[in-house]
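In: Curious how this folds, go ahead:
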Amino acid sequence: MDELNQVQTEENVFSDETEENLFDEEAEDTTETSEETEETPKESNPFGLKVTYNGEEQTLNEEDARSYAQKGMNYDKIYEPLQRLTRMHGLNSVGELLNMLNDTEIQYQIANEVEAMKEDPKYADVSDEILEEIAAAKVNESMSDQEKKFQDQEKQAADAEAERIQKDVDKFLGEYPEFREKGPESIDPKVFDYVKQGYTLLEAYNKFLRESPQAKASKLNEENKKKSLGNTTNAGGADSDDFLKGFLNG
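Out: Numbering: from 1, shown residues only. Have a look, this model is predicted:
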């Protein structure tokens, strides 16, 4: 009888140990599954290049990285010859070379201006030193005018671009006025990726709606909500200028 009790006791101990081992294995499996689940989002966005610009860290998508890499390669093609010229002239930096070239161009223009004045009878009795001073003043004035003209052209181009973007935003808000209240931060970043590819904001958003089931559902819910509550999109919220700022920063 004692032997039978001992066998039953050993069977119970074995059973308890087996259950504990099973629970341990299940816990390990759950941990491994959790770790795999946590790593899954990383695979959904495999590309992300971190760079530092003006002291701030940024993450570039694949399209931007390609664009900047191409610009960098073009820059190298120009910069390498400048470095060779810098060494040839015994200078310390490309900046010194550019300053030298600028000074050389100025002196060249002054010399041409002096030669032109010497052929003018009204300067016949004027010394070479005076002629150089007059020529330098003319050249500096001409360069200032050219610089001002260039700055004006840049400003006009910037103003034209701002006006184009403003019209783009107004057209978008005319089609989707609910974003006046929700603001540009509520737009999916993918939309602005399309804008960078050359689409207008309205075209980009419509493309996003066509390609995103979640966006379609969200749009449908928004339309149903407006039907049930009435259109309240003009009661406050972001105006066109606020939206433009957000759009430019997008």
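In: Can you tell me the element residue 57 falls in?
Out: With the criterion set as DSSP states H and E, the secondary-structure element containing residue 57 is strand 56-60.
In: Could you tell me which residues within that strand count as buried?
Out: Applying a neighbour-count criterion of 16 or more other C-beta atoms under 10 Å, the buried positions in strand 56-60 are residue 60. Using the backbone N, CA and C atoms, a C-beta is placed for each residue, glycine as well.
In: what about residue 91, which helix or strand?
Out: For residue 91, there is no enclosing helix or strand under DSSP H and E.
In: Which residues are in contact with residue 119?
Out: Contact analysis of residue 119 by C-beta atoms under 8 Å, 6 or more residues apart in numbering lists nothing.
In: name the helices or strands packed onto the helix or strand harbouring residue 155?
Out: Per DSSP H and E: residue 155 is located in helix 128-175. Taking 3 or more C-beta pairs under 8 Å, 6 or more residues apart in numbering; DSSP states H and E as contact, the helices and strands that helix 128-175 lies on are helix 94-118, helix 179-182, helix 201-211, helix 240-249.
In: average model confidence for the strand or helix carrying residue 77?
Out: Residue 77 belongs to helix 62-88 when elements are defined using DSSP H and E. Taken as a whole, helix 62-88 carries a mean pLDDT of 78.
In: what's the angle from it to strand 56-60?
Out: Between the axis of helix 62-88 and that of strand 56-60 there is an angle of 120 degrees, by axes from the mean of the first three to the mean of the last three C-alpha atoms, to 10 degrees.
In: Let me know the angle separating helix 62-88 from helix 94-118.
Out: 60 degrees.
In: May I see the buried residues of helix 62-88?
Out: For helix 62-88, burial by neighbour count (16+ other C-beta under 10 Å) applies to residue 86.
In: Packing partners of it?
Out: With contacts defined as 3+ C-beta pairs under 8 Å, 6+ apart, the secondary structure elements packing on helix 62-88 are helix 94-118, helix 189-196.
In: just to revisit the earlier point, can you redo the helices and strands packed on helix 128-175 as TSV with mean neighbour count and distance to residue 159?
Out: Supplementary listing: the helices and strands packed on helix 128-175 in TSV, determined by neighbours: other C-beta atoms under 10 Å; distance: least, C-beta to C-beta, whole Å:
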stretch	mean neighbour count	distance to residue 159
helix 94-118	14	29
helix 179-182	18	24
helix 201-211	18	19
helix 240-249	15	13
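In: looking at these, which is closest to residue 50?
Out: Nearest to residue 50 among these is helix 240-249; the distance by C-beta to C-beta comes to 19.9 Å.
In: of the helices and strands packed on helix 62-88, which approaches residue 77 most closely?
Out: helix 94-118 (14.1 Å).
In: angle of the closest one against helix 128-175?
Out: Going by the same axes, to 10 degrees, helix 94-118 is angled at 120 degrees with respect to helix 128-175.
In: outside of helix 94-118, which residues touch it?
Out: Defining contact as C-beta under 8 Å, 6+ apart, one finds that helix 94-118 is touched by 79, 82-83, 85-86, 89, 91, 123, 126, 128, 131-132, 134-136, 138-139, 142-143.
In: How about stretch 186-194?
Out: Residues lying outside stretch 186-194 but in contact with it, judged by C-beta under 8 Å, 6+ apart, are 61, 63, 179, 201, 203, 204, 205, 207, 208, 212, 215, 250.
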